[in-house]
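**Student:** what follows is a predicted protein model with its sequence.
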Amino acid sequence: MALFQADKFLHKIENQAFEKIHQPGDLTPFSGIYRCENCGVELAMEDKQRLPPHKTCVNHHPEGRKGNVTWRLIVYANHKGE
């Protein structure tokens, strides 16, 4: 789970971008934090990077959680400074 200290740096919004599920190998549409829906590991990614495959999930969880690895944007990084 993404953590933060000062809520003055985060704003809650409703946007379909947070509902979309991405597959390993998909290009990220936005810079931000993506969460594996299978194991919960979170990765900071720049836009237009490929999301990693299943082995990342197993490497972060040695007990070897198996399942479909999918990714969800959970925090959008605003590069416009607004």
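**Tutor:** Received the coordinates, thanks.
**Student:** alpha carbons only for contacts and neighbour counts from here, please
**Tutor:** Will do.
**Student:** averaged pLDDT, stretch 8-15. What do you get?
**Tutor:** The pLDDT scores in stretch 8-15 average 88.
**Student:** can you classify Tyr34 by secondary structure?
**Tutor:** Judged by DSSP: H, G, I helix; E, B strand; the rest coil, the three-state class of Tyr34 is strand.
**Student:** ok, how many other residues are close to it?
**Tutor:** 25 (other CA atoms under 10 Å).
**Student:** quick one: neighbours of the nearest residue to it once chain neighbours are set aside, just the number.
**Tutor:** Spatial nearest neighbour of Tyr34, chain neighbours left out: Leu73 (4.4 Å); criterion: CA to CA, 6 or more residues apart in numbering. Applying other CA under 10 Å, we find 24 residues neighbouring Leu73.
**Student:** next helix or strand past the lowest-mean-pLDDT helix or strand in the chain?
**Tutor:** Lowest on mean pLDDT, DSSP states H and E among the helices and strands of the chain sits helix 54-60, with a mean of 65. Per DSSP states H and E, helix 54-60 leads on to strand 71-76 as the next helix or strand towards the C-terminus.
**Student:** what packs against that next one?
**Tutor:** Secondary-structure packing of strand 71-76 (3 or more CA pairs under 8 Å, 6 or more residues apart in numbering; DSSP states H and E): strand 21-22, strand 32-36.
**Student:** pick the most buried one from those strands.
**Tutor:** Mean neighbour count, computed with mean count of other CA atoms under 10 Å, is highest for strand 32-36 among these, reaching a mean of 21.
**Student:** give me the distance between the residue most central in space within the chain and Lys20.
**Tutor:** Taking CA atoms, centre = their mean, the centroid of the chain lies closest to Tyr34, which sits 0.4 Å from it. Separation of Tyr34 from Lys20 (CA to CA, to the nearest Å) stands at 11 Å.
**Student:** overlap of the contact sets of these two?
**Tutor:** Between them, Tyr34 and Lys20 share these contacting residues under CA atoms under 8 Å, 6 or more residues apart in numbering: Arg72, Leu73.
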